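Enquirer: The following block contains a protein sequence and its predicted model.
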Amino acid sequence: MHRIGVLTSGGDAPGMNAAVRAVTRMAIHSGSEVVGYEHGYQGVLEGKGKILKLGSVGGIIDDGGTFLGTARCGEFREVAGKKKAIKQFEKDGVEGLIVIGGDGSLRGAQGLFDLGFPVVGVPATIDNDICGTDYSIGFDTAVNTVLDVISKIRDTASAHERVFVIETMGRTSGWIALYAGLAGGADFILVPENVPETIEDLTDPIIRGHERGKQHSVIVVAEGAASGMDVAERVQEKVGREVKLSVLGHMQRGGAPTAFDRILASRLGAHAVELLLANRGGMSVGLVGNKVSACWFTEAYSHGKELDLEILELAGILAL
Ligand code: ADP
């Protein structure tokens, strides 16, 4: 391929820039030109592509967000939108595309591939809910952001003998809450995949902890499991201590990517180029057992990546 396109789409994730850098430099190294499209599929439909040179992606490996911008694009969901995109690629001389984004973006990529256009996907979402990879780009940074908050809140919680509820992102998946909760020594982790049947299932371990002299308790709640406000009110009623709530929101998407995310993005971005240039479109790259690999798009987004309930159980045991 003489020229390939790259875009970032859907929810932004730290490490997207490192992935665009890897795609661009690997492609140029392999003898191809690169066109970067602004604002995801929307930018393709609007003809907003620009040639990326080696220097265009300089100094961005440590930046959060995505310098290409990202967007959600309704028109692209329709077949007519995808055909229009392919016309634009023809006009730009772009022969293949690399899509960096979450499950919705990979569905869109599959749609293009179904119409005969070569596309390779790079999983980037803080939710870590894409199959065919142990981790998606941005997840590790989001976990570290939440962990930082847990550590700070633990200091103030212990000073005041309070219970803190921390609500994290994760509408359908509890990966962020689980990893940050385990790393932060949370007393209880509430995830959508395993909501306790009764409030006592949650409060009994907290009360037991207080009875043996624990100064503070931290409960991490993924937004999809329950509202943090609701949990805080119910726990306060049962435990009889003041419960404070911290809802983290969009800060979890921001920040400089961790070393892990930069390395992941570099490896996956480069591998995506290798696959595209080898004419192996229709696939989403991933890291499995610390080796780069790939699976079909359909497998990547078919079902949310299952939460590892063994890790959740371990977190419960270690919080005893
Ligand atoms: P994410 O990639 O983070 O999951 P979205 O679900 O919003 O984010 O998807 C990003 C974009 O991908 C959408 O705005 C749309 O243009 C495209 N897209 C999402 N789902 C589909 C689909 N089923 N078919 C075609 N395009 C889709």
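Expert: Right, received. Where do you want to start?

Enquirer: excluding its backbone neighbours, what's nearest the closest residue to the ligand within the stretch 1-150 of the chain?
Expert: Ranked by Cβ to the nearest ligand atom, the top residue of the stretch 1-150 of the chain for proximity to the ligand is residue 104, at 1.9 Å. In this view, the C-beta of every residue, glycine as well, is placed from N, C-alpha and C. Excluding the flanking residues, the one nearest residue 104 by Cβ to Cβ, 6 or more residues apart in numbering is residue 10, at 5.0 Å.

Enquirer: Thought residue 105 was touching that neighbour, still the case?
Expert: Yes: Residue 10 is in contact with residue 105 according to Cβ atoms under 8 Å; the separation is 4.5 Å.

Enquirer: who has more neighbours, these two?
Expert: Higher neighbour count among residue 10 and residue 105: residue 105, with 30 against 23, using other Cβ atoms under 10 Å.

Enquirer: List the contacts of the more buried one.
Expert: Residues near residue 105 by Cβ atoms under 8 Å, 6 or more residues apart in numbering: 9, 10, 40, 41, 99, 121.

Enquirer: Export the residues you listed as a markdown table, with columns for distance to residue 275.
Expert: Converted to a markdown table, the contacts of residue 105 look like this (distance: Cβ to Cβ, whole Å):
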| residue | distance to residue 275 |
| --- | --- |
| 9 | 18 |
| 10 | 21 |
| 40 | 20 |
| 41 | 20 |
| 99 | 12 |
| 121 | 10 |
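
Enquirer: can you redo those as TSV with secondary structure and pLDDT?
Expert: Shown next, in TSV, are the contacts of residue 105 (DSSP: H, G, I helix; E, B strand; the rest coil; pLDDT from 0 to 100):
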residue	secondary structure	pLDDT
9	strand	96
10	coil	93
40	helix	97
41	helix	98
99	strand	98
121	strand	98
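
Enquirer: circling back to that earlier point, can you list residues touching both of residue 10 and residue 105?
Expert: The contact sets of residue 10 and residue 105 overlap at residue 40 (Cβ under 8 Å, 6+ apart).
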